[in-house]
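**Q** Got a predicted structure plus its sequence, pasted below:
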Amino acid sequence: MPPDIGDRTQRERVVDAMVESCAEKTYAATTITDIVGRARISRTTFYKHFPDKRACFDAAIDHCLAELRGAAAAAHSPADRPADAARKAAGAVLDAMAERPGLAQLLSGDAIAVDPAVVERYRRATIPALEALWSANGGVPSPHMDPRLAFGQAQVLLLDQIATGKSDRLPELLPELVYLTVSPFGGHEEALHQSKLAGAGEASGAVKR
Amino acid sequence: MPSSDSDGPDDLRRWRLPRGRHGLPREIVERSQRERLLAAVVRVTVSKGYEATTVADILGEAGVGRESFYEIFDDKLDCMLAAHEVLIEDLEEQVRVAYATAGPWPGRMREALATTLRWFAADPEVARFTFVELSTVGPAFRSIFQADYARFTELLDEGLNEEDPSPALTQATKLAVGAILARIYEEVVLGRAEDLPHLLPDLTYNLLVPFVGEEAARAEQEAARSASE
């Protein structure tokens, strides 16, 4: 294996270890020892990649954001109406989080606890992407609801689901999350409609599974 | 702080016993010590951060001895959680009263919200303690958060009677409490807790939309705006 590839996977392992440890015991309780133990690397190797725990956390946040952004983008096509695209993107993000609860924990509970600036970064990655769906056909949409608030509400719902120990049941939040995703630029009625669509889809999906 | 409850945060801040020989019964001394420690843990963690705070810092601020501290609390976290409990009970009581006022539900909801905003604005240290410091205590934060969220969601649900608007979303009250938490958090982080009451009209709108639709919520927003002018 070429050394640079070995290096990269090592760094990825460290980031993954951070995500998993936060999911299990929160960032505050995570130690460098936990991370090197999980990643099966030495302490020296850890410090080759990151100066401290916080830098590793920031890398983990970037990693989570990229993963969720990828999932959201892959879920819809340019042919979709904005509200449909938003519904699909919300579903894909929730599925990705359900598969790896560490993503949700990192972005809700830990981001709040560690540094509000992290929340702001996450918000800046989300709201313009949403706005872009509605402005794809030209013209900037005027919001029906405050998108920053909807973002915060989604974060609180996720945090609650995790705090309650129901991180494996994140998809249950789909109707609410779709409502929050659609309502800022699509309005209340459209958001309700999409929320019902999502709820019905989720129910039939559960039957199929 | 609009509190008359003897366990309320008002007393946490103000009640001091004279040092030295005051001849008060032991239980009153202990009660006062407990309250002084609770007030101290709020002030110290807000100024130093939870992690950097030591029990010695809390003792110094409260003017209470180490032995007395450990008679009352297990450790720093225990003291912190006890302070949170006293505070949140006071808030809940005041919101319950405001929510129980007469009149149509949207107006009662607005009263409950206005009370919440005023409560945090009255004491920015308490706001910071509740929204920032508590979130840094580690795994214990999850259960506090969950319990508080459930507590206020239930409060709203209980006051929603059959004749009141029934929301199209099953978890609309949860969304409403979530909106309040998220919005207050944002202001507190920016050090603007004192300005929270200004948010009333816009937040009223956002809370009510899932229950009554945009048009009716807009009317309540206007009512809140003219009431505050």
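**A** Yep, it's here.
**Q** Next SSE downstream of the longest helix along chain A?
**A** Among the segments of chain A that qualify as a helix by DSSP state H, the longest is helix A:3-29. Downstream of helix A:3-29, the next assigned helix or strand under DSSP states H and E is helix A:32-39.
**Q** near chain B at all, that next one?
**A** No. Helix A:32-39 stays out of contact with chain B when judged by Cβ under 8 Å from any Cβ of the partner chain, the minimum separation being 12.6 Å. Quick note: C-beta positions are derived from backbone N, CA and C, even for glycine.
**Q** List the buried residues in the helix or strand just after that helix.
**A** Moving toward the C-terminus from helix A:32-39, the first helix or strand encountered (DSSP H and E) is helix A:43-49. Across helix A:43-49, burial judged by 16 or more other Cβ atoms under 10 Å in any protein chain shown covers A:Thr45, A:Phe46, A:His49.
**Q** how near is the last one to A:Gly165?
**A** When distance is defined by Cβ to Cβ, to the nearest Å, A:His49 is 32 Å away from A:Gly165.
**Q** Chain A against chain B: which residues are in contact?
**A** Counting by Cβ under 8 Å from any Cβ, the residues of chain A close to chain B are A:25-26, A:28-29, A:109, A:112-113, A:116, A:144-146, A:148-149, A:151-153, A:155-157, A:159-160, A:162-164, A:175-176, A:179-180, A:183, A:187-189, A:192, A:195.
**Q** repeat that for 7 Å
**A** Residues of chain A lying close to chain B by Cβ under 7 Å from any Cβ of the partner chain are A:25-26, A:28-29, A:109, A:112-113, A:116, A:144-146, A:149, A:152-153, A:155-157, A:159-160, A:163-164, A:175-176, A:179, A:187-188, A:192, A:195.
**Q** so who does whatever residue of chain B ends up closest to chain A touch?
**A** Relative to chain A, the nearest point of chain B is B:Ala182 (2.6 Å; Cβ to the nearest Cβ). Under the criterion of Cβ atoms under 7 Å, 6 or more residues apart in numbering or on different chains, the contact list for B:Ala182 reads A:Leu149, A:Gly152, A:Gln153, A:Gln155, A:Val156.
**Q** Neighbour-wise, give me the winner out of these.
**A** Neighbours were tallied for each of those (criterion: other Cβ atoms under 10 Å in any protein chain shown), and the maximum of 28 neighbours falls on A:Gln153.
**Q** Can you tell me the closest non-neighbouring residue to that one?
**A** B:Gly178 (4.2 Å; Cβ to Cβ, 6 or more residues apart in numbering or on different chains).
**Q** count of neighbours near that neighbour?
**A** 28.
**Q** Would you check that it makes contact with A:Gln155?
**A** No. Under the criterion of Cβ atoms under 7 Å, B:Gly178 is not in contact with A:Gln155, lying 8.3 Å apart.
**Q** what stretches of chain A score poorly on pLDDT?
**A** A:1-8, A:137, A:201-209 (pLDDT under 70).
**Q** quick one: what helix or strand has the residue in it that chain B sits nearest to in it?
**A** Proximity of chain A to chain B (Cβ to the nearest Cβ) peaks at A:Gly152, 2.6 Å away. A:Gly152 is located in helix A:147-163, with elements delineated by DSSP H and E.
**Q** Put the alpha carbons of the helix or strand where the residue nearest to A:Gln153 lies into CSV.
**A** B:Gly178 is located in helix B:172-189, with elements delineated by DSSP H and E. Listed next in CSV are the C-alpha coordinates belonging to helix B:172-189 (Å, rounded to 0.1, in the frame of the first residue of the first chain):
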residue,chain,number,x,y,z
ALA,B,172,-47.0,20.1,16.6
THR,B,173,-46.5,20.9,20.3
LYS,B,174,-43.1,19.3,20.1
LEU,B,175,-42.3,21.5,17.2
ALA,B,176,-43.5,24.5,19.1
VAL,B,177,-41.3,23.8,22.2
GLY,B,178,-38.5,23.1,19.8
ALA,B,179,-38.9,26.5,18.2
ILE,B,180,-38.7,28.2,21.6
LEU,B,181,-35.6,26.3,22.6
ALA,B,182,-33.8,26.8,19.4
ARG,B,183,-34.6,30.6,19.2
ILE,B,184,-33.7,31.3,22.8
TYR,B,185,-30.5,29.3,22.4
GLU,B,186,-29.5,31.4,19.4
GLU,B,187,-30.0,34.7,21.3
VAL,B,188,-28.3,33.5,24.5
VAL,B,189,-25.2,32.3,22.6
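**Q** Fine by me, we can end here.
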